[in-house]
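# Quick one, what's the 3D model for this:
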Amino acid sequence: MAAPPAYYAALPFPCRPILPSANRRYNREPIPPNPKCVMKSIPANTKTRTFTEDHPAGALPDDWNEYVHPEGDTYWYHSEKGLLTSLDPRDVQIRSCLTKAFDEILALLPSRFDMEIFIDLEISDPKHPAGVTVLYYMVDHRNKQIFWAVDVDFNVIGMSPSQSKGHLKSFLTPEYWVHVDYFPAHFDFDKNLSDAEAELMAFLGHGAVDDKTAPGSTCPWGAAECLQYLTVLRDFRTFDDKTSYRVATIARLWSAVGRARHINSFGLPNARLDRLQGFVDYTPVRSSLSMTICETATFSISISILRRMSTLFNGRVVFHRHWDIFFKDLRGTWMKSSCVGAVILLCDMALIASRLNNIATMASASLSGASIVIGLFLHQKHPQWKLATGPEISQYVMSVEDYYQGLRPLSIILALPQTLGIYAALFFHIGLLLVVTDRIKQVQEAMWTLLAMSIGLVPLMASIQFFAPPKPASPAGASGSWTSFLRKWKERPAQGRTV
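Numbering: from 1, shown residues only. As a prediction, the model looks like this:
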């Protein structure tokens with residue numbers, strides 16, 4: 001770009017304070033390679049040459065240094081001014097805007113001390129100063145704090161009002177470590193991090209013991225994770241590694257510790273010493289008849305899930321190790337419900353194939369199929385790798401949290417596989433009872449028919465024997481039969497009657 005116009009120096013830039021966590025480094029889209037910079041051939045004797053990428057804008061200006069984050073991001077630091085930026089100062093207009101913004105912010109300070117200033121630019125119209133917005137914050141390494149040159153409204157930086165200066169400090173301290181995590185390559189380890197590393201190692205050791213001896217430990221990690229992190233820090237110390245990897249590792253761990261301490265009011269009056277201390281009943285803001293009906297329809301399974309989630313989300317703090325057990329139990333329950341649903345579905349199919357089906361059997365087949373599908377769907381949507389860390393679980397819970405009903409709708413959804421399985425089993429038994437009842441009725445009707453037929457056969461046989469033609473007389477001495485009496489009675493002489 002060309003040099004900025006002369007009136008840039010007379011008009012101030014609009015400034016907007018930001019937090020280090022609002023850095024746009026993860027929102028930038030990767031730039032594809034420029035086809036014009038493609039090398040046509042490999043230079044000779046490359047092993048003795050320094051591999052430096054030629055920049056189209058030329059060499060880096062004096063007093064500017066270029067650094068690479070362990071993740072691969074590039075940033076620039078002006079050592080004399082203490083100016084940090086993610087914008088390339090080789091560009092003339094960007095360098096001029098950075099210098100002008102730095103001078104304007106510095107003019108608002110009563111005195112200059114050991115500090116850094118991070119500046120980012122939002123450029124909507126580079127031809128006018130009003131089209132350039134300065135995003136900035138300042139860093140005090142001695143007190144490990146973030147600050148600004150003017151009073152800042154809490155809503156502007158997206159945070160809730162603090163109760164006291166101590167509460168505000170506990171909020172800004174993890175933001176300081178986020179800044180160190182994002183810009184670790186130029187950091188002086190011996191000057192700023194040696195004591196912080198020793199304290200962090202002591203914290204991890206205590207956290208491992210606290211997690212094993214206290215079920216309500218407020219440490220953000222479990223004993224196994226604490227020991228893993230402690231091993232990594234010991235290895236860094238053993239090899240005396242003072243590179244940006246060590247700095248970024250320490251800063252990232254401290255930022256997690258700082259956020260947990262802020263939520264638990266560490267070092268402040270009425271601090272939470274146990275994760276269940278000061279439990280707040282997670283009741284919905286508004287009563288809902290439909291939610292009550294749904295909870296009743298789930299046989300209160302959703303209520304038990306809601307109570308467990310309320311305990312885990314006490315104080316809106318997520319302890320990964322406890323949520324991991326909760327989701328592991330849910331996954332096991334969903335798989336068991338799917339297996340039970342499959343068994344019920346097979347039994348329903350057997351009844352349908354035998355033409356013994358009825359309305360209850362068809363309803364049972366539909367509910368068992370729904371139980372299988374929803375159970376497998378929830379199992380797929382809640383894998384362990386998606387909910388492997390505390391921030392991921394926290395983001396998931398807050399994304400599905402309803403404004404008026406809280407986690408109540410979520411608990412009903414999580415209870416669906418069990419509920420549908422219960423209804424499927426209930427309708428299966430009803431259908432089976434109807435089949436058996438129908439069979440019993442058929443058997444009873446058959447028995448009464450046979451009885452009636454058997455009763456009707458007695459006079460029929462008697463009539464047949466009575467009206468049958470006489471048979472030849474049996475030889476003398478032959479034994480008589482029960483029909484001889486009837487025949488003799490029919491052939492008896494008529495007495496006392498007229499013909």
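# measure the residue nearest in space to the middle of the chain to residue 387 for me?
In the chain, the residue lying closest to the centroid (C-alpha atoms, centre = their mean) is residue 396, at 4.0 Å. Relative to residue 387, residue 396 is positioned 6 Å away (C-beta to C-beta, to the nearest Å). Just so you know, the C-beta spots here come from the backbone N, C-alpha and C atoms, and that holds for glycine as well.
# tell me, what's touching these two both at once?
The overlap between the contact sets of residue 396 and residue 387 (C-beta atoms under 8 Å, 6 or more residues apart in numbering) is empty.
# that older thread, let me see the contact set for the residue nearest to the centre of the chain.
For residue 396, the contact set (C-beta under 8 Å, 6+ apart) comprises 386-387.
# Give me the pLDDT for it.
pLDDT for residue 396: 89.
# What strand or helix carries it?
Using DSSP states H and E, residue 396 maps to helix 390-400.
# pLDDT (mean, whole number) over stretch 25-43?
70.
# Check stretch 358-365 too.
Stretch 358-365 comes out at a mean pLDDT of 90.
# now swap in stretch 328-338 and tell me
Stretch 328-338 comes out with an average pLDDT of 94.
# Can I get it in CSV, CA atoms only?
Provided in CSV are the C-alpha atoms of stretch 328-338 (Å, rounded to 0.1, in the frame of the first residue of the first chain):
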residue,chain,number,x,y,z
LYS,A,328,-20.2,-42.5,30.4
ASP,A,329,-23.2,-43.7,32.4
LEU,A,330,-25.6,-42.1,29.9
ARG,A,331,-23.9,-43.8,26.9
GLY,A,332,-24.1,-47.1,28.7
THR,A,333,-27.8,-46.6,29.5
TRP,A,334,-28.5,-45.6,25.9
MET,A,335,-26.8,-48.8,24.6
LYS,A,336,-28.7,-51.0,27.1
SER,A,337,-32.0,-49.3,26.1
SER,A,338,-31.2,-50.0,22.4
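# list the buried ones in that stretch?
Judged by neighbour count (16 or more other C-beta atoms under 10 Å), stretch 328-338 contains these buried residues: 330-331, 333-334, 337-338.
# which of the residues in the strand or helix carrying residue 95 are buried?
Element membership for residue 95 (DSSP H and E) is helix 92-107. If you call a residue buried by 16+ other C-beta under 10 Å, then helix 92-107 has these buried ones: 93-98, 100-102, 105-106.
# Downstream of it, the next helix or strand is which one?
Note on helix 92-107: by DSSP H and E, the next helix or strand toward the C-terminus is strand 116-123.
# Please enumerate the helices of this structure.
92-107, 165-182, 189-192, 194-213, 223-238, 244-263, 289-297, 301-312, 320-353, 359-381, 390-400, 408-414, 416-467, 482-491 (DSSP state H).
# Give the rounded mean pLDDT of the shortest one.
In this model, helix 189-192 has a mean pLDDT of 78.
# chain center to that helix, what's the gap?
38 Å (C-alpha atoms, centre = their mean, to the nearest Å).
# got it, and the fifth one?
Centroid separation for helix 223-238 versus its chain: 27 Å, with C-alpha atoms, centre = their mean.
# Same question for the fourth one.
Here helix 194-213 shows a centroid-to-chain-centroid distance of 28 Å under the convention C-alpha atoms, centre = their mean.
# Now stretch 239-259 - C-alpha only, CSV.
Output of stretch 239-259 as CSV, limited to C-alpha atoms (Å, rounded to 0.1, in the frame of the first residue of the first chain):
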residue,chain,number,x,y,z
PHE,A,239,16.2,-30.1,29.8
ASP,A,240,16.3,-26.4,30.7
ASP,A,241,14.1,-25.7,27.8
LYS,A,242,13.2,-21.9,27.7
THR,A,243,11.7,-21.8,24.3
SER,A,244,8.2,-20.6,23.4
TYR,A,245,6.8,-24.1,23.9
ARG,A,246,7.6,-24.0,27.6
VAL,A,247,6.2,-20.5,27.9
ALA,A,248,3.0,-21.3,26.1
THR,A,249,2.5,-24.5,28.1
ILE,A,250,2.8,-22.7,31.5
ALA,A,251,0.6,-19.8,30.3
ARG,A,252,-2.2,-22.1,29.1
LEU,A,253,-2.3,-24.1,32.4
TRP,A,254,-2.3,-20.9,34.4
SER,A,255,-5.2,-19.4,32.4
ALA,A,256,-7.3,-22.5,33.2
VAL,A,257,-6.3,-22.3,36.9
GLY,A,258,-7.1,-18.6,36.9
ARG,A,259,-10.6,-19.1,35.4
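# Now tell me what touches that stretch from outside.
By C-beta under 8 Å, 6+ apart, stretch 239-259 touches 67-70, 170, 173-175, 177-178, 180-181, 184-185, 187, 189-190, 193, 196-197, 200, 203-204, 220, 229, 232-233, 236, 390.
# Swap in 7 Å and give it another go.
69-70, 173-174, 177-178, 180-181, 184-185, 187, 189, 193, 196-197, 200, 203, 220, 229, 232, 236 (C-beta atoms under 7 Å, 6 or more residues apart in numbering).
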